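# Generate a structure from the sequence data that follows.
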Amino acid sequence: MKSMSLKEFRDGDYDPEKEKLYILKSETEVLYVGISAANIWNRWFGGTFAHMNRNIYGEWFANSAIGNFVIENTPISEDWIFDLLTLEDCAELLKDELDNLHWVNYDINDLEHMMIRKLKPSFNVTYNIS
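I've put the predicted structure just below:
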């Protein structure tokens, strides 16, 4: 698992072939858990369906509730923690749950749902049940 600030993630690099799940955390809570089949950076900053984009003046605008929350809390949000996890990282964090279910075959979609249930992020409502 890699951890960095949201600003470091926006400006930095990571391996899009390996890391498939992300967790955004403020100082006090888990805000969002998500996946990207192709590229987590693009899911956040690159294109029409990204959480955040810049207009022609370089100003940020949001395409989602979590993107809007990040923008509303700038500059504090730039220091929020962005964790990047591989499928194996997720399986390790969910080892007890996977053992209880006797799962051996799972994919990142299965593990995203389980991570949401486990971490109860503020901005994920689907699968965020007790």
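
# show me where pLDDT drops low in the protein?
Along the chain, the model assigns pLDDT under 70 to residues 13-16, 127-130.

# Going along the chain, name the helices of it.
Along the chain, the segments classed as helices by DSSP state H run 6-11, 40-45, 65-72, 87-93, 95-101, 108-119.

# out of those helices, nearest to E78?
E78 sits nearest to helix 6-11 of all the helices of the chain, at 4.0 Å, using C-beta to C-beta. From N, CA and C alone the C-beta is placed, and that goes for glycine too.

# Redo the helices of the chain as TSV? Include distance to E78 and mean neighbour count.
Putting those into TSV (distance: least, C-beta to C-beta, whole Å; neighbours: other C-beta atoms under 10 Å) gives the following:
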stretch	distance to E78	mean neighbour count
helix 6-11	4	17
helix 40-45	13	18
helix 65-72	9	17
helix 87-93	24	17
helix 95-101	33	12
helix 108-119	22	19
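
# Looking at the ones you listed, spot the one closest to Y32.
Of all the helices of the chain, helix 65-72 comes closest under C-beta to C-beta, at 4.7 Å.

# does I40 really touch I23, like I thought?
No: if you go by C-beta atoms under 8 Å, I40 and I23 don't touch, sitting 10.8 Å apart.

# who touches T126 in this structure?
I116 (C-beta atoms under 8 Å, 6 or more residues apart in numbering).

# Distance check, it against V104.
Shown here: T126 relative to V104, a distance of 25 Å by C-beta to C-beta, to the nearest Å.

# what do you get for G67?
In terms of C-beta to C-beta, G67 sits 36 Å off from V104.

# re the thing from before, I'd like the helices of the chain written out as JSON lines, with distance to R54 added.
Output for these, formatted as JSON lines (distance: least, C-beta to C-beta, whole Å):
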{"stretch": "helix 6-11", "distance to R54": "11"}
{"stretch": "helix 40-45", "distance to R54": "8"}
{"stretch": "helix 65-72", "distance to R54": "11"}
{"stretch": "helix 87-93", "distance to R54": "30"}
{"stretch": "helix 95-101", "distance to R54": "39"}
{"stretch": "helix 108-119", "distance to R54": "27"}
